[in-house]
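1. okay, predicted coordinates and the sequence, questions at the end:
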Amino acid sequence: MKNEMIYSADGKEIDLTKITRLYPAALIHAGGESASVSLEWAEMKAEQITLEAYVLICDFDPVGEVPINRIELRYGTKEELFDAMQEIAQKLHN
């Protein structure tokens, strides 16, 4: 049962039972800085930014605290990101 709640990606094993926040984002480059922003914002500003990657952010700190224990999984396309999200949803549902 325990292995069912482990998600493996990018050489990392993530214990899904310990995640406190899980959300998609876009990693962008604009104005000399890189930042994670919402997918919707990245789409609205597509002509003004450079998209570096799509990311799935896994936080492990209690909600309300500054997240310092975080894993970011990078994907080249939105479809790859959504496939990973679907795979995690299936593990959580089972």
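-> Thanks, I have the structure now.
2. isn't there a helix covering Trp41?
-> Yes: according to DSSP: H, G, I helix; E, B strand; the rest coil, Trp41 belongs to a helix.
3. helices of the chain, residue ranges please.
-> Applying DSSP state H to the chain gives helices spanning 39-44, 78-93.
4. centroid residue for this protein?
-> Per CA atoms, centre = their mean, the C-alpha nearest to the average position across the chain is that of Leu56, at 0.9 Å.
5. what residues are up against it?
-> Counting by CB atoms under 8 Å, 6 or more residues apart in numbering, Leu56 makes contact with Leu22, Tyr23, Pro24, Ala25, Glu72, Leu73, Tyr75, Leu81, Ala84, Met85, Ile88. The way it works is simple: take the backbone N, C-alpha and C, and place the C-beta from them, glycine included.
6. any low-confidence regions in this protein?
-> When residues are selected by pLDDT under 70, those of the chain lie in 1-3.
7. if we go to 90?
-> 1-5, 9-12, 30-33, 63-67, 91-94 (pLDDT under 90).
8. out of the contacts of Leu56, who's nearest Lys12?
-> Leu73 (7.4 Å; CB to CB).
9. now that closest one: how far from Gln48?
-> Going from Leu73 to Gln48 by CB to CB, to the nearest Å gives 26 Å.
10. and what of Tyr54?
-> Counting by CB to CB, the gap from Tyr54 to Gln48 is 18 Å.
11. these two: which has the busier surroundings?
-> Higher neighbour count among Tyr54 and Gln48: Tyr54, with 22 against 9, using other CB atoms under 10 Å.
12. OK, contacts around that one?
-> By CB under 8 Å, 6+ apart, the neighbours of Tyr54 are Pro24, Ala25, Ala26, Leu27, Leu39, Arg74, Tyr75, Gly76, Thr77, Lys78, Glu80, Leu81.
13. residue contacts, the spatially closest residue to Glu52 that is not a sequence neighbour?
-> Spatial nearest neighbour of Glu52, excluding adjacent residues (CB to CB, 6 or more residues apart in numbering): Leu27 at 4.4 Å. Under the criterion of CB under 8 Å, 6+ apart, the contact partners of Leu27 comprise Ser34, Ala35, Ser36, Leu51, Glu52, Ala53, Tyr54, Val55, Glu72, Arg74.
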